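Trainee: sequence and predicted structure, then a few things I'm wondering about:
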Number of protein chains: 4
Amino acid sequence: MFMFTTTTQNMEACIDACDQCHRICLQSAMTQCLESGGKHVEPGHFRLMMNCAEICQTSLNFMLSNSEFSEQICAVCAEICDACAESCDQLDGMEDCAKVCRECARNCRSM
Amino acid sequence: MFMFTTTTQNMEACIDACDQCHRICLQSAMTQCLESGGKHVEPGHFRLMMNCAEICQTSLNFMLSNSEFSEQICAVCAEICDACAESCDQLDGMEDCAKVCRECARNCRSM
Amino acid sequence: MFMFTTTTQNMEACIDACDQCHRICLQSAMTQCLESGGKHVEPGHFRLMMNCAEICQTSLNFMLSNSEFSEQICAVCAEICDACAESCDQLDGMEDCAKVCRECARNCRSM
Amino acid sequence: MFMFTTTTQNMEACIDACDQCHRICLQSAMTQCLESGGKHVEPGHFRLMMNCAEICQTSLNFMLSNSEFSEQICAVCAEICDACAESCDQLDGMEDCAKVCRECARNCRSM
């Protein structure tokens, strides 16, 4: 008989938070930002949106694969999420994205 | 004033299905299959699990980015999900994974 | 003694072509297109650049993992590469990107 | 007239190193390790191979997109590459993979 690795409650919450943050950043960048133009496609902001989507996907994949390096990836993820949230704060209509980024950062820090 | 691209109800369901399928395939492969060994790590099965996880992630990202090629990616995704479900049917303890794969295939076909 | 799966010469060339196409599309989008603005960040063009980068990455990963579905992914990849090349043809300074996309499409079709 | 962001010589070398490391880790895991079985599919080793492939892909994508967070991702990447190399040292036939991982770690540290 063997036992499978199980995720903790903390990790389950963090997996959900990274998933939501990946979704809203990628979707907002590729629809809202591109369609709005102007400051929404300014390189600094747009790169942060895409970087945030990608690191959230990587963090999610590390946690799903029960990696011993999940905590370190999540630490970098938290920093990028906070930077993305601050960038969203400067723009119209990005309140939801900023909120989800901050929630993800909070979860990543509690890993 | 402008309107942002919105996802349809069908696409929202498909995004959720691909997300769930990516999660269960990657997590099952990297925990349950690796820890069980034997037939669970037979190349044919294990590759299908990882291929299924990856194509679901790609389909998800195409839909989130409102790509005009989403339907074509989802068509390939449906085939891989079905192949993965059939492979899971041959093994102990993979019933949940098979079920999620079939549900994802069904959603991808209705796109 | 055992033999490992080996890639064919065709597949090696296609792996290299997808890799190059992923690189130039992602790098051009996130530096040249964002920094140029205007038509370079028009949603139709920019999405194609990002879709092309992502499907090339997926095709590459399928071939590297010796997936039985590589041919099908490469077929979709070829279509997206051609669409991206056509979009690049309409814009200044995207000649190299268009050329690499067409080379990738050609390799993906010969799989 | 405008200037596009250009990568430095250091970054070009690191992009190539991450690319090579992603390739050999993913390909070795999904062909050599799965086909050899035994210690090659032991969870600790196999996870490291997949984690290494994924973080190299993420580092590559961050550098290609000229992200301000490239250095931080590369620092985590270097640690995972070293852990993967050490794991490869314990197994038959993984010398090439170990070598490429160490070369990638060295490049990531010089960013």
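Mentor: That came through, no problem.
Trainee: and chain A, which residues reach chain D?
Mentor: Taking C-beta under 8 Å from any C-beta of the partner chain, the part of chain A that reaches chain D is made up of A:47, A:50-51, A:54-55, A:58, A:61-62, A:65-69, A:72-73, A:76, A:79-80, A:83. (C-beta placed from N, C-alpha, C; glycine too.)
Trainee: just the buried residues of those residues.
Mentor: A:47, A:50-51, A:54-55, A:58, A:61-62, A:65-67, A:69, A:72-73, A:76, A:80, A:83 (16 or more other C-beta atoms under 10 Å in any protein chain shown).
Trainee: which ones among those also lie next to chain C?
Mentor: Within those, those near chain C by C-beta under 8 Å from any C-beta are A:R47, A:M50.
Trainee: could you list the low-pLDDT ranges of chain A?
Mentor: Low-confidence regions of chain A, defined by pLDDT under 70, span residues A:1-6.
Trainee: state which helix of it is the longest.
Mentor: helix A:43-64 (DSSP state H).
Trainee: please write out the alpha-carbon positions of that one in PDB.
Mentor: Extracted C-alpha coordinates of helix A:43-64, given in PDB (Å, rounded to 0.1, in the frame of the first residue of the first chain):
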ATOM      1  CA  PRO A  43       5.800  48.600 -22.800                       C
ATOM      2  CA  GLY A  44       6.400  48.800 -19.000                       C
ATOM      3  CA  HIS A  45       2.700  48.000 -18.200                       C
ATOM      4  CA  PHE A  46       2.100  45.500 -20.900                       C
ATOM      5  CA  ARG A  47       5.300  43.500 -20.100                       C
ATOM      6  CA  LEU A  48       4.300  43.300 -16.400                       C
ATOM      7  CA  MET A  49       0.900  41.900 -17.400                       C
ATOM      8  CA  MET A  50       2.500  39.200 -19.500                       C
ATOM      9  CA  ASN A  51       5.200  38.500 -17.000                       C
ATOM     10  CA  CYS A  52       2.700  38.200 -14.200                       C
ATOM     11  CA  ALA A  53       0.500  35.800 -16.300                       C
ATOM     12  CA  GLU A  54       3.600  33.600 -17.000                       C
ATOM     13  CA  ILE A  55       5.100  33.400 -13.500                       C
ATOM     14  CA  CYS A  56       1.600  32.600 -12.100                       C
ATOM     15  CA  GLN A  57       1.400  29.700 -14.600                       C
ATOM     16  CA  THR A  58       4.800  28.500 -13.600                       C
ATOM     17  CA  SER A  59       4.100  28.700  -9.900                       C
ATOM     18  CA  LEU A  60       0.800  26.800 -10.500                       C
ATOM     19  CA  ASN A  61       2.700  24.100 -12.400                       C
ATOM     20  CA  PHE A  62       5.400  23.800  -9.700                       C
ATOM     21  CA  MET A  63       2.800  23.400  -7.000                       C
ATOM     22  CA  LEU A  64       0.800  20.900  -9.000                       C
END
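Trainee: so after that helix, what's the next helix or strand?
Mentor: Going down the chain from helix A:43-64, the next helix or strand is helix A:70-89, by DSSP states H and E.
Trainee: that next one close to chain B?
Mentor: No. For helix A:70-89, no contact with chain B is found by C-beta under 8 Å from any C-beta; the gap never falls below 11.8 Å.
Trainee: what helices and strands are in contact with that helix?
Mentor: helix A:9-27, helix A:43-64, helix A:95-109, helix D:70-89 (3 or more C-beta pairs under 8 Å, 6 or more residues apart in numbering or on different chains; DSSP states H and E).
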